[in-house]
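1. Provide a 3D model corresponding to the input given below.
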Amino acid sequence: MSQNNLSIVTVYAGVDVAKDSLVLHFQGVCVSIPNEPKGIAKLLRTVAARAPVGSKVHVVLEATGGFERTLVNALHGAGVALSVVEPARVRAFAKAKGIRAKTDPIDAEVICAFGHAIKPLPTMPPTALQQRLGELVLRRRQLLDYVVMELNRCPGYADPLSRKQVAAHLKMLRRQIGECDQAIAALIAEDKAMAAKAARLQEVPGVGAVTATVLMAEMPELGTLRDEGAAALAGVAPFNCDSGPYAGTRRISGGSGAGALRSAHGGAFGHPSRPDPKAVLPTPFGRRQKEDGRLGGGHAKVDRAAQPHPQEPQF
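-> Alright, predicted model coming up:
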């Protein structure tokens, strides 16, 4: 049995995902397939038919903002190993190989080569609870974005009907945000492990229910990583930029759902006066503020991620 396991070879397939199509590159053959259930079923049959005997297929694809979700679920359901990778990593790999052109077939071939060269870790299937939480958090963020758009448009309207419609739309959006909040709270309460993680996160000064929910949705790995790995995954780890005697500025970049995560914990941790005044502040400036008595005490814990936008206008 062990000898058979040792003989298994992993072969990689690259899939370029678009809204309407999937381009598969596998074993030197490139196939374009519709991004729909029938097309995905055909992709699975193609991969199974072209896989060498005794080999294990590992599909690599890029994160595309949700267009890949149906394919990922189908691959997990079929028991096929897969990796959802950051598009910037694949593009950097293409540039390193001197590939400047960019088309769907070329991208699929590059993704396949990336898999063979890098051998990315497989992406674990999310639980049904995690998947629903992620969708609710995404929907809530989209609704907040609509609120911002309407608030930005509002000052330009002088017509009474336009202003009335803006007010009605904002009222509807706020109601739907409240519905998302209720659904998220009920979902977390259903699962003891998720509820315990949310409670643990909210013990951090400045972190409230909304920030904790975003962190759990965008970083399900929380609690299984060391500090450095968690910071890098969240996109807040300052990476070195040194060369010889030159010491460059450390900068943060990347991360899983980096924009949403930085927005969430940036608001929560961006105000040094909110934590306990007795705590040791990490920066020299913060310590000097404390020593000079310029830090106010007794500030209530506020979840900044829950209040990212200005108040609605009064009509």
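2. Name all residues that make contact with L187.
-> The contact partners of L187, by CB atoms under 8 Å, 6 or more residues apart in numbering, come to 129, 132-133, 136, 194. (Each C-beta comes from the backbone N, C-alpha and C, glycine too.)
3. I'd like to know how many residues surround M149.
-> Residues lying near M149 (other CB atoms under 10 Å) number 12.
4. gap between it and A92?
-> According to CB to CB, to the nearest Å, M149 stands 33 Å off from A92.
5. residues contacting the nearest residue to Q202 once chain neighbours are set aside?
-> Taking CB to CB, 6 or more residues apart in numbering as the measure, Q202 lies nearest to A212, with 5.3 Å between them; neighbours along the chain are not counted. If a contact means CB under 8 Å, 6+ apart, then A212 has 197-198, 201-202 as its contacts.
6. does A212 sit in a helix, a strand or a coil?
-> When states are read from DSSP: H, G, I helix; E, B strand; the rest coil, the local structure at A212 comes out as helix.
7. before we move on, what about G206?
-> Of the three states, G206 takes coil according to three-state DSSP.
8. any idea how far it lies from S243?
-> Computed with CB to CB, the distance linking G206 and S243 is 36 Å.
9. okay, those two: which has more neighbours?
-> Comparing G206 with S243 by other CB under 10 Å, the one with more neighbours is G206, at 21 against 8.
10. Verify the contact between L143 and Q176 for me.
-> Yes: assessed by CB atoms under 8 Å, L143 is found in contact with Q176 at 5.5 Å.
11. Please identify which of the two sits among more neighbours.
-> Between L143 and Q176, counting by other CB under 10 Å, L143 is the more crowded of the two (18 against 15).
12. So for the host helix or strand of that one, what gets flagged as buried?
-> Using DSSP states H and E, the element containing L143 is helix 128-153. Of the residues in helix 128-153, those buried by neighbour count under the rule 16 or more other CB atoms under 10 Å are 130, 133-134, 136-141, 143-144, 147, 150-151.
13. ditto for stretch 18-33
-> By neighbour count on 16+ other CB under 10 Å, the buried set for stretch 18-33 is 22-27, 30-31, 33.
14. tell me the angle of the next helix or strand after the helix holding L143 relative to helix 128-153?
-> Later in the chain than helix 128-153, the nearest helix or strand by DSSP H and E is helix 160-190. Interaxial angle of helix 160-190 relative to helix 128-153 (axes from the mean of the first three to the mean of the last three CA atoms, to 10 degrees): 160 degrees.
15. Any idea how far helix 160-190 is from the middle of the chain?
-> The gap between the average C-alpha position of helix 160-190 and the chain average comes to 23 Å, counting by CA atoms, centre = their mean, to the nearest Å.
16. How much space separates the residue nearest to Q202 from V110?
-> 38 Å.
17. again, but for E203
-> Between E203 and V110 the distance is 44 Å, computed by CB to CB.
18. Name the residue in those two with the higher neighbour count.
-> Neighbours of E203 and V110, each counted by other CB under 10 Å, are more numerous for V110; the result is 22 against 8.
19. wait, what's in contact with the more buried one?
-> Contacts for V110 (CB under 8 Å, 6+ apart) come out as 14, 90, 93-94, 97, 99.
20. if you set the cut-off to 6 Å instead, what comes out?
-> A94 (CB atoms under 6 Å, 6 or more residues apart in numbering).
21. Need the pLDDT of it.
-> In this prediction, V110 carries a pLDDT score of 97.
22. The strand or helix carrying it: how far from the chain's middle?
-> Secondary structure assigned from DSSP H and E places V110 in helix 104-118. Between the centre of helix 104-118 and the centre of its host chain there is 22 Å, according to CA atoms, centre = their mean.
23. Per the annotation, how does this protein divide into domains?
-> What the record gives for the chain is the domain set 2-118, 128-306, from automatic domain parsing.
24. Those: lowest mean pLDDT?
-> Least confidently modelled of the domains of the chain is domain 128-306, at a mean of 78 by mean pLDDT.
25. quick one: that one to chain centroid distance?
-> Here domain 128-306 is found 13 Å from its chain centre; the criterion is CA atoms, centre = their mean.
26. Could you list the buried residues of the helix holding V110?
-> 104, 106-115.
27. Roughly how far does H169 sit from Y146?
-> Taken as CB to CB, the spacing of H169 relative to Y146 amounts to 8 Å.
28. Can you tell me the element the residue lying closest to P37 once chain neighbours are set aside falls in?
-> Nearest residue to P37, sequence neighbours excluded (CB to CB, 6+ apart): T70, at 7.2 Å. T70 is part of helix 69-78, with elements assigned from DSSP H and E.
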